[in-house]
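> Below: sequence and its predicted model.
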Amino acid sequence: MLWAVEWIVLGIGSAAAVLHGVRRHRPARTAPWLLLAGAIVASCCGDVLTALGRPGIANFCFYVMFALVACVLLQLTRVGASLVDRARLIDLLAFACSVMLVVWVFVIGDGGRIGEVSGAYIMGALLLLAVVARLLAAAGRNPSAVLLVVGAVGVLVSDVVQPLWPGRLSESGFVVLYLAWGAAALHPSMVRLTEPTAPRPAPWLGRWATLLGISVATPPLVLLIEAVNGQVGDGVVIAAAGAITLLLTVTRLTDAVTLNGQALTRERGLRQASAALVAAADPQAVDEAVQVAIAQLMPPETVRSAVFATDNRGLTVQGESGSPHRSWWIEEAGHDCATLVCPLWLEPLAVARPSGGALILTGRRDTLTASRDTLEVLAGQAALALDRISLMEAVGRRDSDLYLRAVVRNTTDKMVVIDEDQRIRYASPSLRELLGVDELPPMATLADLVHPDDRHELRQAFRGAGDGVVFCSLVRAGGGQVMVEATYRDLREDRLVQGFVVTMRDFPRGPDPDEQHPRRDNRGELPAWVNRRSARHKFRY
């Protein structure tokens, strides 16, 4: 009776530790840990019934414990969990089940025991240890996974030693199970075991298909051998092994079909997004194409927000060092939600856009993780589309400047076209003549041409929005100054100009003879005069 009380304390304490760990650390998925708590309770019931002298019901509790642990491992090996190579695990489990069936039928026999040791317990403990060890190999140096392996080793040792040398010492392995599994749930590293991880599709290999085929063929082959020998004495075991192998095979095929369907959906979505991005003529059209692609690639209820920021230089330098991905998590929006930042990388150049920008999504972490590679590709295609649009606009501005240069070459207007940062993009010949220079310095700004006393007023004028007039002094090449009236127009929103157009006149401004009607003797040159007048009025304010 005292042993029964001790098992109750150990079992309930370990299950309570698991529940407390789930509540404290809040893993991405709680189902595996809740099933583990149920497996601990089932094992506790079996140990208590064994101590009370009811081995039949105790065996049933132990079988329930193994079944619950199997469900735990299936939950941990779902697509997007730590153990993403689930196909290989299923192949190994099916083969192990077939091997154990052969050992049970042809080595252990009808008694189900090897001496005093239960063959069923040994095979269950071996399967448990193999799968938990595989989980440890996938999780790396994870303390919680190590503790799960320690508990499985304890069960295996006690299942072998306890029937041979009954006693408190031989049952210490079961004590290790309770303590280790409870501690595994209390350690903070238990969160990483259920964190979503991007699936890594493995190439098809013939040896794994052969292994799975052998596993499926083993149960009917064993049944055939027993039938030929004249008596089927292990029909129940063969049926159970066949059902388990069939279930694993169906799971394997279902996973393959699911992954193939997801790949086709991603391919179709990216293909349609590429077509829309190629046809996009401005950043707004690129934003709309990206939003439509996100709606096709991911379920709408899993994404809370999707922001396509086309100009944010700060996001291009915040990536995780050493990460194989071109995206990163910047904040947690909840215990099951997160924010993923996919910077606009130029594919296939693998460099960030000079103007920055990123695709920022907030939603369920498991869905974002599974679609992480696809979203990175989408961000790269959007970056290419934006740079293509920028290049086309730059070519258009260059053609516009060349046209302007050709049309206004003979006009007397002093005109300059500057970018938003006041760098001079075009200066008319008359302005260069006024300054007494043949060519302006490369990357020169408008402030470089103005007297230092007038630069502050000039910067203040161009810092705002809209049109205006400013009076300033230009510095000539010989050191002299000339007062001008600079009339500027804000054309930054114009697709072809994207800057300020400034027309300068000597101050005080005199009458403009060209503003009057043309003289009679100019009528023979009317087309050239019309060209000059049209060019000047194109940028008149």
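That came in fine, so what should we check first? Predicted model, so just to flag it, every value in this text is computed and none were measured.

> how far does stretch 146-163 sit from the chain's center?
Per Cα atoms, centre = their mean, to the nearest Å, the displacement of stretch 146-163 from the mean C-alpha position of its chain is 39 Å.

> biggest helix in the protein by residues?
helix 235-279 (DSSP state H).

> Report the inter-axis angle for the next helix or strand after that one versus helix 235-279.
Later in the chain than helix 235-279, the nearest helix or strand by DSSP states H and E is helix 283-297. Angular relation of helix 283-297 and helix 235-279 on a 0 to 180 degree scale: 170 degrees, by axes from the mean of the first three to the mean of the last three Cα atoms, to 10 degrees.

> And L49, what's its pLDDT?
pLDDT for L49: 86.

> for H20, same thing?
On pLDDT, H20 comes in at 92.

> Tell me who's in contact with it.
H20 makes contact with 185-186, according to Cβ atoms under 8 Å, 6 or more residues apart in numbering. Any C-beta I mention is one placed from the backbone N, CA and C, and that applies to glycine too.

> hang on, it in a helix?
Yes - counting by DSSP: H, G, I helix; E, B strand; the rest coil, H20 is found in a helix.

> That one and H187, how far apart?
H20 is 12 Å from H187, where distance means Cβ to Cβ, to the nearest Å.

> what is K414 paired to in the beta sheet?
K414 has these beta-bridge partners by DSSP bridges: M504.

> That one - how many residues pack around it?
The tally of other residues near K414 (other Cβ atoms under 10 Å) stands at 23.

> Was I right to think it contacts T487?
No - counting by Cβ atoms under 8 Å, K414 does not reach T487; the two are 10.6 Å apart.

> any common contacting residues for the two?
Between them, K414 and T487 share the contacting residues 503-505, judged by Cβ under 8 Å, 6+ apart.

> Among these, which one has the most neighbours?
Using other Cβ under 10 Å as the neighbour criterion, M504 leads the shared contacts of K414 and T487 with 24 neighbours.

> Hmm, it is touching S428, no?
No - the criterion here is Cβ under 8 Å, and M504 misses it with S428 at 9.2 Å.

> Overlap in contacts, the two.
414-416.

> any idea which helix or strand carries the nearest residue to Q162 once chain neighbours are set aside?
Distances taken as Cβ to Cβ, 6 or more residues apart in numbering put S170 closest to Q162, at 4.3 Å, once the chain neighbours are dropped. S170 is part of no helix or strand, with elements assigned from DSSP H and E.

> ok, S170 - contacts?
Listed by Cβ under 8 Å, 6+ apart, the contact set of S170 reads 158, 161-162, 164.

> Out of those residues, which comes closest to R364?
Checking the contacts of S170 against R364 by Cβ to Cβ gives S158 as the nearest, at 41.2 Å.

> do you know how far that closest one is from S170?
Taking Cβ to Cβ, one finds S158 at 6 Å from S170.

> on that earlier part again, would you turn the shared contacts of M504 and S428 into JSON lines with pLDDT and distance to C44?
Shown next, in JSON lines, are the shared contacts of M504 and S428 (pLDDT from 0 to 100; distance: Cβ to Cβ, whole Å):
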{"residue": "K414", "pLDDT": "82", "distance to C44": "93"}
{"residue": "M415", "pLDDT": "84", "distance to C44": "90"}
{"residue": "V416", "pLDDT": "86", "distance to C44": "86"}
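
> which one of those residues sits closest to G436?
Among the shared contacts of M504 and S428, and counting by Cβ to Cβ, the member closest to G436 is K414, at 12.8 Å.

> name the element the closest residue to G11 other than its chain neighbours belongs to?
Among residues not flanking G11 along the chain, C44 sits closest, at 2.3 Å (Cβ to Cβ, 6+ apart). Using DSSP H and E, C44 sits within helix 31-51.

> residues making contact with that helix?
Here helix 31-51 makes contact (Cβ under 8 Å, 6+ apart) with 1, 3-4, 7-8, 10-12, 14-15, 18-19, 21-22, 27, 55, 57-62, 64-65, 68-69, 71-72, 75-76, 174, 177-178, 181-182, 185, 190, 193-194.

> What separation do you get for N260 and A370?
Applying Cβ to Cβ to N260 and A370 gives a distance of 15 Å.

> Which one's more surrounded, those two?
Shown here are N260 and A370; by other Cβ under 10 Å, A370 has more neighbours (21 against 11).

> picking up where we left off before, list the helices and strands the longest helix of the chain packs on?
helix 86-103, helix 206-228, helix 283-297, helix 372-407 (3 or more Cβ pairs under 8 Å, 6 or more residues apart in numbering; DSSP states H and E).

> May I see the buried residues of the first one?
The one in question is helix 86-103. Neighbour-count burial for helix 86-103 flags 86-98, 100-101 (criterion: 16 or more other Cβ atoms under 10 Å).
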